[in-house]
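> have a look at this prediction, sequence included:
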Amino acid sequence: MTKTALVVGASGIVGSATATLLNAQGWTVHGLARRPIAQAGVRPVVADLSDAQATRTALADLHPDAVFITTWARQDSEAENIRVNGAMVRNLLDALPAPDRPRHVALVTGLKHYLGPFEAYGQGTLPQTPFREDQPRLDIANFYYAQEDELFAAAARDGFTWSVHRPHTVIGKAVGNAMNMGTTLAVYATLCRDAGRPFVFPGSAAQWQGLTDMTDAGLLAEHLLWTAQTDAAHDQAFNVVNGDVFRWQWMWERIADWFGVEAAPFDGTVRPLERQMADDAPRWTAIAARHGLAEVDLHRLASPWHTDADLGRPIEVVADMSKSRRLGFTGYRATDDAFFALFERLRADRIIP
């Protein structure tokens, strides 16, 4: 029997990769978004999750076997993040008809579970690395915790199984996404090459010198599907990373070589991309016009604030994957290959020249 999936945030980095994988695996895929984009094999569902009644109407006739929640809405404060994003999960799960067969709901959050929200990012007493799933929540308000609590409450009420997935920074393609390091670095490197300026690492000495890891969107999609189909993985939280570790002083040179730009020596000074790219919108528009690129608006491609948050951390960030390995998940990506595959796709889709 063909299984049915609802991918919430189907046009985002994680959602689009998940929808693509499910479709390839023979699932019937419904993709929910406020403004759906055309995606092969995905049936669009238009809904604003902040509107409980509209969400209920949009989902009234849908009975998915699995639900993948891959979206959130950034607000100006963590209190607002909690209010809005908690309500979005609650409205979604309240709107779905009660399951008439086994159902699994997967929620994608991230390593801010261990690091704290953006307004208190990497501050105070943090868990020891590598981060492990059994470490307690931080004693600070965090919208990830609010989302989890809504998931747990709905599961207890409706009897579905659940999983929580905590990736590190995700590498993947999505135009207009608020958190997109891979495309941001591709755009930044293209601007540096065009202007003949050096490719300057924007972050901290801790990130330049310390160990870190990342998460490929395709690998995360595989993990989401594996969890939905693996009974032993139900009702648990998981870290999801590629399986390798690296130092940015090595990766920065690899990315620079791919784009044919000079990697500037790092002197320990933090030079945020938000400042470096502040005046680059006209240059990008000119590059896009010269090469016939698909997107002329720099701000729909690059999210320097998010890349600065990741690369400016004062501590190393590494997540442990032992829990998934013990249960049989063996997925792996080399992170430099994940970056290069994204860059090739961006070039093929005429996002970068």
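It's in. Given the structure is predicted, the values throughout are model-derived calculations rather than measurements. Numbers count the residues shown, from 1 in each chain.

> what's the helix or strand hosting residue 55 packed up against?
Assigned by DSSP states H and E, residue 55 belongs to helix 52-59. Secondary-structure packing of helix 52-59 (3 or more C-beta pairs under 8 Å, 6 or more residues apart in numbering; DSSP states H and E): strand 42-46, helix 78-95. Placement of C-beta: from N, CA and C, glycine included.

> show residues contacting the first one.
By C-beta atoms under 8 Å, 6 or more residues apart in numbering, the list of residues contacting strand 42-46 from outside reads 6-7, 10, 19, 23, 28-36, 58-59, 62.

> can I get the helices and strands packed on helix 52-59 in JSON lines including distance to residue 201, mean pLDDT and mean neighbour count?
What follows is these, written out as JSON lines (distance: least, C-beta to C-beta, whole Å; pLDDT from 0 to 100; neighbours: other C-beta atoms under 10 Å):
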{"stretch": "strand 42-46", "distance to residue 201": "37", "mean pLDDT": "96", "mean neighbour count": "17"}
{"stretch": "helix 78-95", "distance to residue 201": "28", "mean pLDDT": "97", "mean neighbour count": "20"}
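
> turn the ones you listed into TSV, including distance to residue 351.
Output for the helices and strands packed on helix 52-59, formatted as TSV (distance: least, C-beta to C-beta, whole Å):
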stretch	distance to residue 351
strand 42-46	20
helix 78-95	28
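
> strands along the protein, start to end?
Remark: strands assigned in the chain by DSSP state E are 4-8, 28-33, 42-46, 66-69, 104-108, 161-167, 170-171, 211-212, 215-216, 236-240, 246-247.

> the stretch 251-353 of the chain: helices as residue ranges?
With DSSP state H, counting those that start in this stretch as the criterion, the stretch 251-353 of the chain has helices at 273-276, 281-291, 304-311, 322-327, 335-348.

> worst average pLDDT in those helices?
Note on the helices of the stretch 251-353 of the chain: lowest mean pLDDT is at helix 304-311, with a mean of 93.

> helices or strands up against it?
Judged by 3+ C-beta pairs under 8 Å, 6+ apart, the packing partners of helix 304-311 are helix 181-195, helix 273-276.

> buried residues in the first one?
What it means is helix 181-195. Within helix 181-195, the residues scored as buried using 16 or more other C-beta atoms under 10 Å are 181-194.

> alpha carbons of it, as CSV, please.
Coordinates of each C-alpha in helix 181-195 appear next as CSV, following Å, rounded to 0.1, in the frame of the first residue of the first chain:
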residue,chain,number,x,y,z
MET,A,181,25.2,28.8,5.0
GLY,A,182,26.1,26.9,1.9
THR,A,183,24.4,29.3,-0.5
THR,A,184,25.6,32.3,1.5
LEU,A,185,29.2,31.2,1.2
ALA,A,186,28.8,30.5,-2.5
VAL,A,187,27.4,34.0,-3.1
TYR,A,188,30.2,35.5,-0.9
ALA,A,189,32.9,33.6,-2.8
THR,A,190,31.4,34.7,-6.1
LEU,A,191,31.4,38.4,-5.0
CYS,A,192,35.0,38.1,-3.8
ARG,A,193,36.1,36.6,-7.1
ASP,A,194,34.2,39.3,-9.1
ALA,A,195,35.7,42.2,-7.0
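
> centre of the chain to that helix, how far?
Centroid separation for helix 181-195 versus its chain: 20 Å, with C-alpha atoms, centre = their mean, to the nearest Å.

> and if you look at stretch 346-353?
Put simply, stretch 346-353 sits 21 Å off its chain's centre (C-alpha atoms, centre = their mean).

> for that stretch, measure first residue to last.
In stretch 346-353, first residue to last residue: 8 Å (C-alpha to C-alpha, to the nearest Å).

> next one: stretch 219-237
Stretch 219-237 has an end-to-end distance of 16 Å (C-alpha to C-alpha).

> mind checking how far the nearest residue to residue 36 once chain neighbours are set aside is from residue 71?
Take residue 36 and drop its neighbours on the chain: the residue closest to it by C-beta to C-beta, 6 or more residues apart in numbering is residue 44, 3.7 Å away. As for residue 44, its distance to residue 71 is 14 Å (criterion: C-beta to C-beta, to the nearest Å).

> list the buried residues for stretch 62-73?
Under 16+ other C-beta under 10 Å, the buried positions of stretch 62-73 are 62, 64-73.

> let's have the residues you listed in TSV, adding pLDDT and distance to residue 199.
Compiled in TSV, the buried residues of stretch 62-73 are given as follows (pLDDT from 0 to 100; distance: C-beta to C-beta, whole Å):
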residue	pLDDT	distance to residue 199
62	96	46
64	98	44
65	98	46
66	98	41
67	98	41
68	98	36
69	98	36
70	97	31
71	94	32
72	93	31
73	92	32
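
> what two of those have the greatest distance between them?
65 and 73 (26.2 Å; C-beta to C-beta).

> can you tell me how far the residue sitting nearest the centre point of the chain is from residue 201?
Among the residues of the chain, residue 170 comes closest to the average C-alpha position under C-alpha atoms, centre = their mean, at 4.5 Å. Residue 170 sits 20 Å away from residue 201, taking C-beta to C-beta as the criterion.

> now do residue 247
Relative to residue 201, and taking C-beta to C-beta, residue 247 is found at 11 Å.

> so what sits against both of those two?
residue 208.

> out of the two, which sits in the busier spot?
residue 201 (26 against 14; other C-beta atoms under 10 Å).

> low-confidence ranges in the stretch 51-200 of the chain?
121-124, 176-178 (pLDDT under 70).

> and with 50 instead?
Within the stretch 51-200 of the chain, no stretch has pLDDT under 50.
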